[in-house]
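Colleague: here's a sequence, model it:
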Amino acid sequence: MLPFSREKIAPVLKQIGSNDPDLTSVNLCHKRITNKQVLQIADALGGNTHVTEIWLTNNEISDESSDGIAKTTSAGAVGYLMSALEGNRTVLEVYLGGNKI
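Modeller: The predicted structure follows:
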């Protein structure tokens, strides 16, 4: 099975990035989300004030600095996500179980 395609994740990223007030929970479980896609999700959450929880369980997320992540952060995708959320007072829960971290 291939990772969640760019075409499929683009609308989700757009909805997160547009700060849609109807979007409070993002469920991307079992979508084979990659480290690179976690970076995109983290960036989209930057100005979001409505999402309160993110479900990323059972994907292809690891703590390795791969997929070009080394250029962005030495902490890997999860570290980048956590850093991006440090200033976000809305996201209260991030679920990452079942990944390679």
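Colleague: and I41, how close does it get to G47?
Modeller: For I41, the distance to G47 (Cβ to Cβ, to the nearest Å) stands at 13 Å. C-beta: built from backbone N, CA, C; applies to glycine.
Colleague: again but with R89, I slipped
Modeller: 12 Å.
Colleague: more crowded one of those two?
Modeller: Taking other Cβ atoms under 10 Å, R89 and G47 do not tie; G47 has more neighbours (11 against 8).
Colleague: spatially nearest residue to the more buried one (excluding sequence neighbours)?
Modeller: Sequence neighbours aside, N19 is the residue nearest to G47 in space, at 6.2 Å (criterion: Cβ to Cβ, 6 or more residues apart in numbering).
Colleague: what's the local residue count around that neighbour?
Modeller: What N19 shows, counting by other Cβ under 10 Å, is a neighbour count of 16.
Colleague: just to check, it is in contact with T49?
Modeller: Yes: counting by Cβ atoms under 8 Å, N19 touches T49, with 6.0 Å between them.
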